[in-house]
Structure formats: C-alpha cells, structure tokens
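Undergrad: need coordinates for the below:
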Amino acid sequence: MATACCWDCRGLLLSSYRAVLRSKEGCSLSNHPVVDAAGVEVVILFLFSHTQGVKKPYKEVIDICWGDAHSGGTKPLTFVRQVIAVCIYPELLQETTIAPDVKERARRLLRECPGGSVGKYCGIPFVQDGVCEFISKRDGGVPISPLHTGSPVQFVLKLLVHGKGLAQTGVLTPIPCYPTFVMGLTELGAAMVPYYLCEDDGWCLHVEELRRALATSRSHCNPRILYVINPGNPTGHVQSRESIEEVIRFAAEEELFIFADEVYQDMMYAEGSQFVSYKKVLFEMGPQYSNTVELASFHSVSKGIMGECGLRCGYVELVNLDPSVKQSVTSAFNTERNTAVIGQIALNIMVDPPKPGDPSYPTFSQVSLHTVEALPGTSFQAGSGGIYAYLRLDLPQKALLQAKEEGTDPDLMYCSRLLEEEGVCLVVGKEHGQQEGTYHIRICIGTTSTRLKEVLRRLKSFHLRFLNEFS
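TA: Reported below is the predicted structural model:
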C-alpha cells in the first residue's frame, strides 16, 4: 500500500521554491503565461507520496508526467543499446548472441574512429554524413544546408539572443508549450512572445494569431524568432502542408527566423496523417522563399521512438543564415565540442535504423485513448503525432468555486486530488499555458500499454467520483 505525503515538508518546499523563483531577476513566474509554481505542488506531492503517512488504496504511484519513455516503462531499443555496448567494448564482437547487423553497424562506426575507439575527441564525421542522407531522403533530394550535432536548440538560441528593453530578442512561442523551453528562454534573457494555438480547430496554428502576437510584442521587445513545434508538444497536432506554407509566407513578410522543432517526426500514429518538414515545404515554394527565409530545423535522439533522453544528442540544420552569422555559429559549435560520441552513435541509428528483413528490425504498437474520449466532462482534440494526449477538463461550477475557496487553480486541485486518491501524477495544464478560463491535463502515452491502461482505469474512476461530488 502506498502512503500519503508529509504536509509540513511539502509546504516548506513550496515556499522555498516560490521564494527562489521570485528572487531571480527577470524570472518572476507568478504571472508567467506558461511556467509558474502551479505544477510544482503536484511534483512535490509525488515525491512525498512514497513516504510516511496514511496508507492509500493503491500499491504504487504512477508518474506519467514526463516525456521520458524509458522511465515510463518502455524498454530501450535493443539494437541501439547493443551497438553502443559493442562500440564501447569491441570484444563483444566475438559474442555469438549479438545479432549480425549489430556487429556490422558497430564495425562500421569503429572504422570511422581513429584507433578504432569511441574516444575520438571531436566526434565522427560519418555520423553527419548519415544525417545528411536521412534529410535528403526525407525531403526528396532537397540540397543539404550546414548542420551541426549536439544539443542544438538552446545552443543556437544562446547565439542569437541578445539585447535588453526594446532591443531584447523576442521569441514567438506557441501556447501550450512544454515548460522547459520557456524556462530556457528566461535563462537566456529572451522575451517570450506567446501565440495561442486554436484548440477548437484541432490546435491549428492560425497566422492571424501570429500577427496579433507580433503586433503586441513590438512595444517591449524586438521579435526575431518564430518557434514552431511539429508535431506538437503537448498537443500532438501535426501541421498540414498548407499551414506550413502560410507560416513560411508570414515569416518571410515579417523577416522572422523560423525555429522548427521536429523531434517527434517519427511518431505519426493517426490514420492518414503525414509529417512534412519545414525544409521540404520551404524549398518547394520556390526561390522567393527558399533563398531568403532563415530556418533552423531540429531533431533529437531524446524524443520519439528512440527515447534516449540521457544521451543528449541531436542535430540542427541551418538554412539561409547570413554569412557572418553562419561563420559565428560554425565557430561556436567547433569550439564547444559538446557532442558526446555515444550520443552520436545513437543519432546514427536514428537516421539509419534497421530495415525490414534485418535481424533486429523492430516493431511498434499503437496506443488507443478511447477511454479518455468517453469520459463525461472532458473534451479531447485527438493528436496525430508525438507522445502526449492533452485533455481539456470541463469542470463543474462547484469545483471552480471550491478551488477559489482553497486559493488554488482548478486543474491543480484536480491533479492534486487525483494523485492523493488514485496515485496518478499528471501535468497541470497551466504549466504549458492555456486560454483564460480553460483547464487541461497532459498524459504521456509513451509508456507500456499495461501501464497506460492502469492509468486510464484510475483516471476514469477518479473523474467520475469528482464530477459526482461537485455536480
């Protein structure tokens, strides 16, 4: 049986955390459109729900907050781990239990390393060649622009963000958005310019909303970067080609640098949905755009099917950079030398996975959310990609009044009680940002089917009790 949390410690931690946030210059999150301390309470509840206190009616607390598939119970891909193991300890090449295609990939990677060792200081050029081939195949032979491997999103932002006041770099950021990106903007000194995705239209990105956000931002910063997430996090929406074209035209008109976060491109599960990269669409729109619009597109081994969050490796392809900026970025990447070779091995496998017919060819199953869709008092814009389901709560008026009386947010009250009563830890919608008067929860579906079924069973049980209590 699980146990309840230590309330005195919880209150102390919350007070300390909020005090730290408010003490940081330019980092007062109490009024931030995305990140505030709301979700911290649920996290702290989770941390203490394993310890001293009253027994609970569940045997374990299920944390389904994070996008870490492996912590969610999904097993790492055997091919990835075996290739890494053989590269680190080449004696494993003699093992008969290792599949032939694993050995061949490891040999090929080791041949590219001086001395046949993954201890090479600056990485493996062969891996970049593989990334180039992957992009070329994906985008139908579109010419490859300069690319860099490592942990590129925050690194590139760091190079482009500067200034204060009206000169401060503004980054148009989708709402909802994952909180760590917003915290990264704050840390770098950028101004976040929120634009809202349209929930009633399947979380569509409307250019009219971009225009509104851009116009309101110019009074306090210099909007320079347009950040898009496709497929969406946490919404799971996938942009159509037409939508991408509209965004590119808007960026060209306003001279904005597009940051295309495409890390869930290999997680397409809705029937008929198709991922199309910003790079491909940009070049198919002709020289008027393909020769002028600045674009950075990102992919990572941390997300999607790979789910190797601990290896911290990905790539960025930079298109149409100003020559002086391009030189500075290249120099900075070469100086940083932040690309761990083990991460590069995983990156090579991501862009060149086992093929059908290979001994290690993996199969993947789909996840159904019919249970969530059937819950009364909720609405769900079914996603087409990514690893999250973002569920809207249509809470009774009595519940809203109860939350107000408790001095908390309605979705935070909901998640806190869900954790206490059913032992399920979800992310509060306010952590991602949401329209005034709307409330959401985020479920990570990147877990085992058995675990997800148990989460949905507990969620349904709690939700029906909650509605009955406040109806």
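
Undergrad: ok, which stretches of the chain are strands?
TA: Listed from the start of the chain, the chain has strands (DSSP state E) covering 62-63, 147-150, 169-175, 191-196, 222-229, 257-261, 295-300, 314-319, 378-380, 388-393, 424-425, 427-428, 440-444.

Undergrad: angle of the longest one against strand 191-196?
TA: By that I understand strand 222-229. The directions of strand 222-229 and strand 191-196 differ by 50 degrees, with axes from the mean of the first three to the mean of the last three CA atoms, to 10 degrees as the criterion.

Undergrad: weakest of the strands of the chain in terms of mean pLDDT?
TA: With a mean of 58, strand 378-380 has the lowest mean pLDDT of these.

Undergrad: quick revisit: among the strands of the chain, which is nearest Arg105?
TA: Proximity to Arg105 (CB to CB) singles out strand 147-150 among these, at 17.6 Å. Placement of C-beta: from N, CA and C, glycine included.

Undergrad: residues in contact with the residue sitting nearest the centre point of the chain?
TA: With distances taken as CA atoms, centre = their mean, the residue of the chain nearest its centroid is Asn233 (5.3 Å). With contacts defined as CB atoms under 8 Å, 6 or more residues apart in numbering, the neighbours of Asn233 are Gly67, Cys177, Tyr178, Asp261, Tyr264, Gly386, Tyr388.

Undergrad: pretty sure the fifth one is touching Gly386, no?
TA: Put plainly, it is Tyr264. Yes. Using CB atoms under 8 Å as the test, Tyr264 is close enough to Gly386 to be in contact (4.1 Å).

Undergrad: what about Thr447, how many neighbours?
TA: Burial measure for Thr447: 24 neighbouring residues, criterion other CB atoms under 10 Å.

Undergrad: how about it, phi and psi?
TA: As for Thr447, its main-chain torsions (degrees, to the nearest 10) stand at phi -140, psi -180.

Undergrad: where's it relative to Lys75, distance?
TA: When distances are taken as CB to CB, to the nearest Å, Thr447 and Lys75 turn out to be 11 Å apart.

Undergrad: same question for Met413.
TA: Between Met413 and Lys75 the distance is 35 Å, computed by CB to CB.

Undergrad: same question, Leu456
TA: Noted for Leu456: a distance of 21 Å to Lys75, by CB to CB.

Undergrad: the more surrounded of those two?
TA: The neighbour count for Leu456 versus Lys75, taken as other CB under 10 Å, is higher for Leu456 (21 against 10).

Undergrad: what pLDDT does the more buried one get?
TA: With respect to pLDDT, Leu456 scores 87.

Undergrad: ok, now the one 4 residues further on?
TA: At Lys460 the predicted local distance difference test score is 90.

Undergrad: can you give me the first-to-last residue distance of stretch 404-415?
TA: Stretch 404-415 has its terminal residues 15 Å apart, counting by CA to CA, to the nearest Å.

Undergrad: Ala106 versus the residue of the chain most remote from its centre, what's the distance?
TA: No residue in the chain sits farther from the centre than Gln94, which is 38.8 Å out by CA atoms, centre = their mean. According to CB to CB, Gln94 and Ala106 sit 12 Å apart.

Undergrad: neighbours of Pro304, how many?
TA: Slight slip there: residue 304 is Gly, not Pro. In terms of burial, Gly304 registers 24 neighbours under the definition other CB under 10 Å.

Undergrad: so it touches Asp261, yeah?
TA: No. With contact defined as CB under 8 Å, Gly304 does not count as touching Asp261 (11.9 Å).

Undergrad: which neighbours do the two share?
TA: Residues touching both Gly304 and Asp261 do not exist when contact is defined as CB under 8 Å, 6+ apart.

Undergrad: mutual contacts of Tyr264 and Gly386, please.
TA: With contacts defined as CB under 8 Å, 6+ apart, the residues adjacent to both Tyr264 and Gly386 are Pro231, Asn233.

Undergrad: hang on, Val293 packs against Arg249?
TA: No. In this structure, Val293 is not within contact of Arg249 by CB under 8 Å, at 9.0 Å.

Undergrad: same drill for these two, tell me which one is more crowded.
TA: Neighbour totals were compared for Val293 and Arg249, and Val293 leads with 21 against 15 (other CB under 10 Å).

Undergrad: list the contacts of Tyr278.
TA: Val228, Asn230, Ile244, Val247, Ile248, Ile258, Ala260, Glu262, Leu295, Ser297.

Undergrad: bridging residues for the closest residue to it other than its chain neighbours?
TA: What sits nearest to Tyr278 in space, not counting adjacent residues and going by CB to CB, 6 or more residues apart in numbering, is Ala260, at 4.0 Å. Beta-bridge partners of Ala260, counted by DSSP bridges, are Val228, Ser297.

Undergrad: okay, the strands of the chain in TSV with distance to Phe333 and mean neighbour count next?
TA: TSV is the format used below for the strands of the chain (distance: least, CB to CB, whole Å; neighbours: other CB atoms under 10 Å):
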stretch	distance to Phe333	mean neighbour count
strand 62-63	35	21
strand 147-150	4	22
strand 169-175	20	24
strand 191-196	25	22
strand 222-229	18	23
strand 257-261	16	25
strand 295-300	12	26
strand 314-319	9	24
strand 378-380	41	16
strand 388-393	30	22
strand 424-425	37	24
strand 427-428	33	26
strand 440-444	31	24
